[in-house]
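[1] Mind looking at a prediction? Sequence and model below.
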Amino acid sequence: MQTNQLSWARNQALLTVREQPCKTEKELLQSNPAQKVLLKFIEKLKNNQSRLLSILPDELADQPAPTIAERIHPVLIDLLENPLEKVGPRSELGERILEHRGKFHQFIEKLYDYWREYTRFLVKWTGYGSSEEGTRPYLQFNRELDELTELVRSAYRSIAENITNSHPIVYRQVSAGFEVGLAVDKKDFHYPEKLKRKFGQVPVIEQVTIEPPFVIDPPMNKRTGRFKETDKNPLENAEINPQNWLCYPAKVGDLRIDVFFHQEFLDLGASLANLFELVTGEDLERSPDAIYAYGLDPSNMKGYGDLPTVFYRDEENDLLYGALPREDRFGYFGYVKKMMLTLHNVIAMDRGRLPLHGAMTRIFFKDRDPVSIAIMGGSGAGKSETLEAFRVIAEESIQEMEIICDDMGSLGIDDEGRILGYGTETGAFVRLDDLQKGYAFSQLDRSIFMSPQRTNARALMPVAPIEKVLEGVPIDYLFYANNYEEVDSDHPTIEKIGNPESALGIFSEGARMSKGTTTEKGLSHTYFANPFGPPQFKEIHDELAGEFFEQFYNDGVFVGQLRTRLGIAGMETKGPEKAARDLLDLVRESQE
């Protein structure tokens, strides 16, 4: 990545630096990035034939955008410290600027808004520059982000006040600098030699700083298809320009998956910080379990079909590789997350664990023993919604609910023969429509919001520390989330399944009503409600599932269906609430 350079990708602005770029308002406006912003803004005004250009002398307004920017730039610098009456006559804009004071003020307001409309990222190389003696460099990085935000705000206010000869009575401390800061450095990873040559120079993220609420609007809001195994290594012929890529080494359960993402998908790649713990320190010294390249040149993936979402098993180096092309149709966070979870699930099955597409929580009551509940089901089945309703309904009865996994976990058997549940993510990727009213707003200071104005609007929020995700908890209740059947005398909200064979039939059928989270419509069926690994390796999964379900019944685990009715119109809230109430009654009755 070139340093002290401002680059653009989609609606994103990315500034890469090796040291703090500026410390005063004047240094800020004199910087190359500030001049680039001004030029792009004027190009937009020219393309739109904006009336704001009437502030310019006629002969200047007809000039190309670079010439206009060159003439306006020194005027803005002068306005940092001097009133318009003094600046105008001595500038190339002349007396005309005084005649259009109001429009010139609008020009400044629009320029400020234009910059803030971008999703703004600062990438700083931590291996360069110097820290003040006695300070911790990462805290210093956060301070520098705050100082840049204040510089942008104060520069705007200084100019505006010198144009209007007044100052606001109400100040709004809006986000004016950078919304996301990424501290990066180069790392010497233990990769096969060919991969080291391709990816070895890509900056590796060491720290992420997010200024909430962070709202992004990526190109897509749904995912389609599934991830396929291929017999060709998609990274073999991949062309990687390190200046355009970043690496987020992620803890996915107890695995390490190194995610390389192109800056076109910078907003989605940086959002990983709210879902997966960042691998740091000594954990970076061991080899990863998988490598995922998100955003390869489409020409590098032409041989992988119409939906080139593929993964490859490198037997020689004991690694899995995932890859997707850099196309708008794959610009959705589901493609980042679900490929990572597919890689996780394939490795989990290789190691004798059973993947679980569902939500799992450990509930501590005030007056009874804790219980662990796992709810399996597809996207939009009502898993997380039911557990969230349970939290609200049982608030007076519970001490704490520990989330083990919100979407994907795995089941393993310990040395004592007990089935334990493990998580993969420290965050949750949830539909805004399925949250309790007002809950999303209570999480504004921690969440990343994706496409809030569209169908399948999502919030990405941290929910569990990595220690709880990896701890392993015994399972007391295992349910299949049935979101499509109405409740009646023959189909109760909670229906116990009598034996392993019947349970395997229901769970493996994986029926659910689509909720608009994918491109599927109507009632669909997915093997074990989990298209992320099990269908691709069905024989291995069948054997594991048989062993685990047999063990569930031997251990006395309650196995059943939970009818959430989330897929039935009008029951999106009432369905999970009724399921939660009946679940609470079941837990109480079983301990009396």
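    The structure has been received and is ready for your questions.

[2] going forward, measure contacts between C-alpha atoms and count neighbours the same way
    OK.

[3] count of neighbours near the closest residue to residue 317 other than its chain neighbours?
    Among residues not flanking residue 317 along the chain, residue 192 sits closest, at 7.2 Å (CA to CA, 6 or more residues apart in numbering). A count of neighbours around residue 192, defined by other CA atoms under 10 Å, yields 12.

[4] Number the chain from 552, please
    New numbering, starting at 552: the last item is residue 743.

[5] Any figure for the gap between residue 743 and residue 676?
    Here residue 743 is placed at a distance of 25 Å from residue 676 (CA to CA, to the nearest Å).

[6] before we move on, the earlier item: quick check on the residue nearest to residue 868: phi, psi?
    Note on residue 743: backbone dihedrals following degrees, to the nearest 10 are phi -60, psi 150.

[7] what's the answer for residue 829, then?
    The phi/psi pair for residue 829 (degrees, to the nearest 10) is phi -80, psi 130.

[8] Might you report the residue contacts of the nearest residue to it once chain neighbours are set aside?
    Computed as CA to CA, 6+ apart, the closest residue to residue 829 that is not its neighbour in sequence is residue 801, at 5.0 Å. Taking CA atoms under 8 Å, 6 or more residues apart in numbering, we find residue 801 in contact with 807-810, 827-830.

[9] In JSON lines: those, plus neighbour count and secondary structure.
    JSON lines is the format used below for the contacts of residue 801 (neighbours: other CA atoms under 10 Å; DSSP: H, G, I helix; E, B strand; the rest coil):
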{"residue": "807", "neighbour count": "22", "secondary structure": "strand"}
{"residue": "808", "neighbour count": "27", "secondary structure": "strand"}
{"residue": "809", "neighbour count": "25", "secondary structure": "strand"}
{"residue": "810", "neighbour count": "23", "secondary structure": "strand"}
{"residue": "827", "neighbour count": "22", "secondary structure": "coil"}
{"residue": "828", "neighbour count": "22", "secondary structure": "strand"}
{"residue": "829", "neighbour count": "19", "secondary structure": "strand"}
{"residue": "830", "neighbour count": "20", "secondary structure": "coil"}
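
[10] Using a markdown table, lay out those together with pLDDT and distance to residue 1014.
    As requested, the contacts of residue 801 are exported to a markdown table (pLDDT from 0 to 100; distance: CA to CA, whole Å):
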| residue | pLDDT | distance to residue 1014 |
| --- | --- | --- |
| 807 | 98 | 20 |
| 808 | 98 | 20 |
| 809 | 98 | 22 |
| 810 | 98 | 21 |
| 827 | 97 | 11 |
| 828 | 96 | 12 |
| 829 | 96 | 15 |
| 830 | 95 | 18 |
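
[11] SS state for residue 844?
    strand (DSSP: H, G, I helix; E, B strand; the rest coil).

[12] how many neighbours does it have?
    24.

[13] Bridged to it, which residues?
    Beta-bridge pairing for residue 844 (DSSP bridges): residue 811, residue 874.

[14] need the helices for the stretch 652-801 of the chain, in chain order.
    652-668, 688-715, 744-750 (DSSP state H, counting those that start in this stretch).

[15] Actually, the stretch 1002-1143 of the chain.
    Counting by DSSP H, counting those that start in this stretch, the helices of the stretch 1002-1143 of the chain are 1017-1022, 1051-1060, 1089-1105, 1125-1141.

[16] same deal with the stretch 852-1001 of the chain?
    For the stretch 852-1001 of the chain, the helices defined by DSSP H, counting those that start in this stretch occupy 884-901, 934-944, 990-993.

[17] that older thread, and the residue nearest to residue 829, how far from residue 857?
    From residue 801 across to residue 857, the span is 29 Å (CA to CA).

[18] How about residue 663?
    Distance from residue 663 to residue 857, by CA to CA: 42 Å.

[19] And for residue 587?
    Distance from residue 587 to residue 857, by CA to CA: 38 Å.

[20] More neighbours: which of these two?
    Each of residue 587 and residue 857 has its neighbours counted (other CA under 10 Å); residue 587 has more, 16 against 8.

[21] ok, that one - contacts?
    residue 557.

[22] Let me see the backbone angles for it.
    phi -70, psi -40.

[23] how much space between it and residue 706?
    For residue 587 relative to residue 706 (CA to CA), the value is 16 Å.

[24] same check, this time on residue 737
    For residue 737, the distance to residue 706 - CA to CA - is 34 Å.

[25] try residue 907
    On the measure of CA to CA, residue 907 and residue 706 end up 52 Å apart.

[26] what's the answer for residue 905, then?
    57 Å.

[27] Comparing these two, which residue is more hemmed in?
    Taking neighbours as other CA under 10 Å, residue 905 and residue 706 compare with residue 905 leading, 26 against 20.

[28] What residues sit buried inside stretch 739-755?
    742, 749-755 (16 or more other CA atoms under 10 Å).

[29] State the pair within the residues you listed that is farthest apart.
    742 and 754 (15.1 Å; CA to CA).

[30] CA atoms of the longest strand along the chain as PDB?
    Secondary structure assigned by DSSP state E gives strand 905-916 as the longest strand of the chain. These are the backbone C-alpha positions of strand 905-916, laid out as PDB (Å, rounded to 0.1, in the frame of the first residue of the first chain):
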ATOM      1  CA  LEU A 905     -20.200 -32.400  14.300                       C
ATOM      2  CA  PRO A 906     -21.000 -28.900  12.900                       C
ATOM      3  CA  LEU A 907     -24.100 -27.300  14.300                       C
ATOM      4  CA  HIS A 908     -25.800 -24.500  12.300                       C
ATOM      5  CA  GLY A 909     -27.700 -22.900  15.100                       C
ATOM      6  CA  ALA A 910     -27.700 -20.900  18.300                       C
ATOM      7  CA  MET A 911     -26.400 -22.200  21.600                       C
ATOM      8  CA  THR A 912     -26.600 -20.600  25.100                       C
ATOM      9  CA  ARG A 913     -25.900 -21.400  28.700                       C
ATOM     10  CA  ILE A 914     -28.600 -20.100  31.100                       C
ATOM     11  CA  PHE A 915     -27.900 -19.400  34.700                       C
ATOM     12  CA  PHE A 916     -31.100 -19.200  36.800                       C
END
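
[31] Check which helices and strands that strand sits against.
    Other elements packing on strand 905-916 under the criterion 3 or more CA pairs under 8 Å, 6 or more residues apart in numbering; DSSP states H and E are helix 884-901, strand 922-927, helix 934-944, strand 949-956, strand 959-964, helix 1089-1105.

[32] mind checking how far residue 745 is from residue 792?
    15 Å.

[33] Over to residue 841?
    Taking CA to CA, one finds residue 841 at 21 Å from residue 792.

[34] And these two? Which one has more around it.
    Set side by side, residue 841 and residue 792 show more neighbours around residue 841, with 24 against 13, by other CA under 10 Å.

[35] That one: what's it in contact with?
    Applying CA under 8 Å, 6+ apart, the residues near residue 841 are 807-809, 870-873, 894.

[36] can you tell me how far residue 926 sits from residue 944?
    18 Å.

[37] Without its sequence neighbours, what residue ends up closest to residue 737?
    residue 754 (5.1 Å).
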